[in-house]
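Trainee: Sequence and predicted structure below; questions after.
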Amino acid sequence: MRLGGIDTTSVLGYASPYIVEPGGRISFHLSSATPREVDVALVRVRCGDPDPAGPGLKLLPVKSAIDGRHAVRHQPIRPGSCAIVADRGALRGLAGFSVGAFIWPTMPGAAAQTIISRWRDDSQAGWRLGLDADGHLELAVGDGKGAVAVARGERTVTRREWLFVHGAYDAASGALRVTQVSLDPQAGRDRSCVGRAIARVGIEWPDDTPLVIAARSAPDTTTHFDGKLDRPRLHRAPLTADAMRALCEAVNPPPGDPDLAGAWDFSIDIPGLSIHDRSANRLHGRLAQIPARGVTGANWDGTVNDWRSLPAHYGAIHFCSDDMVDCAWSPDFMLDVPTDLPGGYYALRMTAAPPDGDPVESYVGFFVRSPRGRTAAKLAIVAPVATYLAYANGALRMDQVHAESMLEGLIVLSRDDLYLQEHREVGLSTYDTHADGSGWRVSGARRPILNMRPRCNTFNYGNDTHLIDWLEEKGIAYDLVTDEDLHRDGLDALRPYRCVMTLSHPEYYSREMWDAIDAYQRSGGRHMYLGGNGFYWRIAFHRDLPGVIEVRRDVTGVRTWEGEAGEAHLAFTGESAGLWRSNGRPPQRLVGVGFDAQVFDRSAGYRRMPDGEDPRVAWMFEGIAAGEMIGDFGARNGGAAGLEIDRADPELGSPPDMLLVASADRIGYGGMPAPEEFRTFHRGLDGEQNSRVRADLVYFPTANGGGVFSTGSIAWVTALSHNHYDNNVSRLMGNVVRRFLDPAPLP
Amino acid sequence: MLNNAPDGAHFPVDAGRTDLIEEFRRSPKGPHGRELQMLLHRMRWESPGGRYVLVTIEPGRRWILGRLTGARGEPIELFRNKTYESPAAAEWDVFKLRWEALTGRTIGG
């Protein structure tokens, strides 16, 4: 496409792993429909934000063995989750059969969908239970010689209502039958019905065909199911609907029944990637694209809200036809990361000059972690990769009608957004909803992440590189660790450093990450929290898969979707999810301040507060006059306090020894408080009238001579480069870094 | 779930309030008085005439007007003859389009 700018999407890719240690190997997985060749170069990212209001794009070439021209091919993306049970004798050996399950469809009538199948599209052989394009239940059987018979219910199913569904084939008579029973058959919700047809007798089923739950195999999976599926069962006889329903109702069906072909129990090992069969055949299967587990089943009655308390009520999986965690692209080339490559943000730059379009300049972002046990600096920055994953490929501004109201101005999209609007198969962010309206709970790094690379939309990654740019400008040496290092290595990842910086928006934290930061502070470490809305949502990394996180949004917090009742515990760990504040750990206790408001229309400056005159923090304000406003300038809406802001509150754990040295407490009507900040509605909650809508700059000493400095604003780092880095935000930061790197105990 | 209703805004638009037009023309990015805030809310909640957006061509320098169709996967419509060198110019242009869609009256200038 020719628009006159830079084409950032004609070539896309991802790095695996996305975090690498010097001496490690990284593979690049690329795809392009056109062009067919790209020039590749390795760059170190100093600033990834091209906005001229900031430092501007600064990418430093690093010579590497992969530099040069490479051929690229088109690699498709196949979204959609399902469970796949490899072909086994117990499946081939069926003659007649019954298949049943409880279903809670979320997009009936949108397209044909499969509930459970053992079917080959190429030969039209096998059987499949599903919904037709209009939302009627149907069972199809095909003999592979051209005869396909279909029994279809006469009533469509209802969206977001539980049904028992059953299909049976009698090999002796050829009778084919489907039955659906509404579990709440009142007030117009009853869709119970039966459908019948006659098929050939004695159909023989195909070989080499897996059983697939929530899709069919053709051989790539297709016609995926959207919604929940609970307790699917397969039986070797054409049972009545009542008998099959009894089998499906039973959490523990009789495993000694030789005719019970399969009885899958999704409540077993909910954090895992397999499904378990309770029948004697042990037809276990594997899950593709990580559908949501730990979700309420047809038998959930509100007795418990935690799947660990009563797993039998959580025997469902919520499948989505657009679930996408791993593109599974083939690698194009490898990079052996030099052992002396400094830790930092890096990217693969891919350029091309197509004759019929704008010049292509696309990137794959990745992170080089400083080597364990071989530190180069006393300062470390923590790359908030969990937050980058949570925001990966956000389409919120396209999908949510309130986006412009929230931003108090026209939505500004990028070339990345144009691409994302058309190519949803790349997988969205945990802010978005699936096509069926359910929230995206899982995000992974094995797919192109458009907003975790240079030239991307400015939130998070782009803003964070303003801090990197400032460190480089000031010649302050730093190492790099990542959230995933905090999660998997704990305190060890931070222990070597005298000072640690968490960046502009470290919003998503696992318990392991939090504990590492907390223990670091208590050990005498110095922590600079340079952002807003940090330490907000509780998440988990997957126990087996690197670069995969889970988010569950509960009934409070600034949330773009709300989870279903009873589903606020993480499937990956069972932990209660939602806000850290709701989990007894308000961020104020960790860093003195916690999220209170969004303000996207204009940013403010900080006023010095009485604590700012305290002799204990005189070092912080060296070179700054007593009455000077701090940061009444910046690349994001003209101030250092903006976008998302945090305030101190002793009730929420701000420590008694904390000094509130400055505050941006004149935010204006664009400052909207977070929902957890007010109990009842009343006029005057916005930042024009409400002093609790503000950003606080705080300092407090911690045990063993350590200390914490927090700025409470996402916009803070985007003010550092103002006036060629000669400004009081930059000066104050320099004062704090120098003092925090000084081994003398903090006052 | 928990989605926002596209047609939730119901603040009545008074086509005679040309003072609000002038207030917006003077200062597209605000701050604005209470009635203009409410009018803008009405316009922005679900943009009349389709959801207008800006697409950055050159960061910080040039933008083009676009419109979302509301359907996932459908391309964003681009108005190639409507480009801007400041977001404020785009705000004013879109305000005029929306005013006309809501009141049937055009704004000159």
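Mentor: Alright, I've got the coordinates.
Trainee: For the chain, which residues score under the pLDDT cut-off?
Mentor: With no chain named, the answer covers chain A. By pLDDT under 70, chain A has no low-scoring segment.
Trainee: please go with chain B instead
Mentor: In chain B (pLDDT under 70), the answer is B:1-4, B:109.
Trainee: That one: helices as residue ranges?
Mentor: B:18-26, B:34-45, B:87-103 (DSSP state H).
Trainee: Specify the stretch among those helices that is closest to residue A:659.
Mentor: helix B:34-45 (36.6 Å; CB to CB). C-betas here are computed from N, CA, C, even on glycine.
Trainee: Ok, which of the helices of chain B comes nearest chain A?
Mentor: helix B:34-45 (4.2 Å; CB to the nearest CB).
Trainee: Tell me which residues of that closest one come out buried.
Mentor: B:36-40, B:42-45 (16 or more other CB atoms under 10 Å in any protein chain shown).
Trainee: Using CSV, list the CA coordinates for it.
Mentor: The C-alpha coordinates for helix B:34-45 follow below in CSV (Å, rounded to 0.1, in the frame of the first residue of the first chain):
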residue,chain,number,x,y,z
ARG,B,34,-19.4,22.0,30.6
GLU,B,35,-21.9,22.1,27.8
LEU,B,36,-19.2,21.7,25.1
GLN,B,37,-17.8,18.8,27.1
MET,B,38,-21.2,17.1,26.9
LEU,B,39,-21.6,17.9,23.2
LEU,B,40,-18.2,16.4,22.5
HIS,B,41,-19.1,13.3,24.6
ARG,B,42,-22.2,12.9,22.4
MET,B,43,-20.0,13.1,19.3
ARG,B,44,-17.3,10.8,20.6
TRP,B,45,-19.2,8.0,22.2
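Trainee: Is any residue of it near chain A?
Mentor: Yes. Among the residues of helix B:34-45, B:37, B:40-41, B:44-45 lie within reach of chain A under CB under 8 Å from any CB of the partner chain.
Trainee: Quickly find the element holding residue A:590.
Mentor: helix A:587-591 (DSSP states H and E).
Trainee: Help me confirm that residue A:248 is found in a strand?
Mentor: No. Assigned with DSSP: H, G, I helix; E, B strand; the rest coil, residue A:248 falls outside any strand and is helix.
Trainee: For residue A:106, give me its contacts.
Mentor: A:159-160, A:226-228, A:318, A:436-438 (CB atoms under 8 Å, 6 or more residues apart in numbering or on different chains).
Trainee: scratch that, residue A:183
Mentor: A:102, A:161-164, A:298.
Trainee: now with 10 Å?
Mentor: A:102, A:104, A:161-164, A:189-190, A:192, A:298-299 (CB atoms under 10 Å, 6 or more residues apart in numbering or on different chains).
Trainee: and if you look at residue B:57?
Mentor: Counted by CB under 10 Å, 6+ apart, residue B:57 has contacts A:3-6, A:358, A:414-415, B:63-64, B:83-84.
Trainee: And it, how far from residue B:37?
Mentor: 30 Å (CB to CB, to the nearest Å).
Trainee: for residue A:657, what are its contacts?
Mentor: A:592, A:616, A:699-702, A:707.
Trainee: tell me the SS of it?
Mentor: Per three-state DSSP, residue A:657 ends up coil.
Trainee: Return the set of residues that bridge with residue A:335.
Mentor: For residue A:335, the beta-bridge partners are residue A:26 (DSSP bridges).
Trainee: who's in contact with it?
Mentor: A:15, A:20, A:24-28, A:40, A:42, A:64-66, A:341, A:346, A:348, A:366.
Trainee: May I see the ChimeraX selection of the buried members of the residues you listed?
Mentor: Selection of buried members from those for ChimeraX, criterion 16+ other CB under 10 Å:
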select /A:15,20,24,26,28,40,42,64,66,341,346,348,366
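Trainee: closest to residue B:50 among the contacts of residue B:57?
Mentor: residue B:64 (15.2 Å).
Trainee: Which parts of the stretch 51-200 of chain A are strands?
Mentor: A:58-62, A:68-71, A:82-85, A:97-105, A:113-120, A:125-131, A:136-143, A:148-156, A:163-169, A:175-182, A:193-198 (DSSP state E, counting those that start in this stretch).
Trainee: report the angle between the axes of the fifth one and strand A:125-131?
Mentor: Computed by axes from the mean of the first three to the mean of the last three CA atoms, to 10 degrees, the angle separating strand A:113-120 from strand A:125-131 equals 180 degrees.
Trainee: Describe which strands strand A:113-120 pairs with in its sheet and in which direction.
Mentor: Strand A:113-120 has these strand partners (DSSP bridges): strand A:125-131 (antiparallel), strand A:211-213 (antiparallel).
Trainee: The first one now?
Mentor: Sheet pairing for strand A:58-62, assigned by DSSP bridges, gives strand A:37-47 (antiparallel).
Trainee: Name the residues of the strand it pairs with that are buried.
Mentor: Result for strand A:37-47 [16+ other CB under 10 Å]: buried residues A:38, A:40-47.
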